[in-house]
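Asks: Got a predicted structure here, sequence first:
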Amino acid sequence: TSLKAYDYFHNQILPIKVSLDDLWKGFDRSCIRQKITRAEKQGVKMRTANSIEDIKTFYLLHKMTTKKHMVPPRPFDFFKNIWDILGKERNVMILIAEVDSKPAAAGFFLKSRNSFIFEFLGLNYQYINYSPGHMIVWEAIKAAKKEGKEIFDFGLTPPDNKGLFDFKKRWGTEDNILNYYYYPDVTGYKKYITESSNSEYHRIQGFNYILKAFKKEVAKRFYKHFG
């Protein structure tokens, strides 16, 4: 019996074997290039995490972002264990953007043989007008180039999350279908993933209210298996 394939999710990648100038020209002018330039002009500073305190800073920003999007935060140990295991081989990188020496954004990236993988972005929305997230992505792309990587991987995207999909597209990415394979078939799978990611469905069902009330308990019970 064959596996059942579902092609709902997308994976957007940016080939980075070309020059930085060519990469820059491929970015959307108003939505990407101008925001990076604005961040630089407003004095956003970048640094690479190198201590447990830096991981705590990233985690604080991660929790701010998950709270805004009504998603249970992963436990701190999830990130610390990745850092402890992969950090020794320099296969993980955390970039922190600061405004007036205060954390404005942080990006969490994993490395493979020929790619950088964009896993998480945490934001302090007090500084959103400084565009620190855009600057973090640009700095990560430059770091990937410097290490001789060939691909900057923007990760998984549900196609009905138009905001996230368009954000990644504006970096000049290539869009690929990401297949998941199941055996036996998952009953009602397509209906579930479509409805559960639809904001109107969430609103009608009161999902946001429920998730806000129980997200800490869900995170504690579910993510403990990944910590």
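Replies: Yes, it's here. Numbers count the residues shown, from 1 in each chain.

Asks: Spatially nearest residue to the residue nearest the centre of the chain, not counting backbone neighbours?
Replies: What sits nearest the mean C-alpha location of the chain, by Cα atoms, centre = their mean, is F120, with 3.3 Å. With sequence-adjacent residues excluded and distances taken as Cβ to Cβ, 6 or more residues apart in numbering, F120 is closest to F108, at 4.0 Å. Every C-beta, even on glycine, is put in place using the N, C-alpha and C of the backbone.

Asks: now L3
Replies: Y181 (4.0 Å).

Asks: And for the one you found, the neighbour number?
Replies: Using other Cβ atoms under 10 Å, Y181 has 9 neighbouring residues.

Asks: so where does it fall, helix or strand?
Replies: strand 174-182 (DSSP states H and E).

Asks: Determine the set of other helices and strands touching that strand.
Replies: Packed against strand 174-182 by the contact rule (3 or more Cβ pairs under 8 Å, 6 or more residues apart in numbering; DSSP states H and E) you find strand 4-15.

Asks: give the contact list for the closest residue to I141 other than its chain neighbours.
Replies: Spatial nearest neighbour of I141, excluding adjacent residues (Cβ to Cβ, 6+ apart): F152 at 5.2 Å. By Cβ atoms under 8 Å, 6 or more residues apart in numbering, F152 lies in contact with I13, L14, I16, S115, F116, F118, A140, I141, A144.

Asks: Can you flag the buried ones in these?
Replies: Buried by 16 or more other Cβ atoms under 10 Å: I13, L14, I16, S115, F116, F118, A140, I141, A144, out of the contacts of F152.
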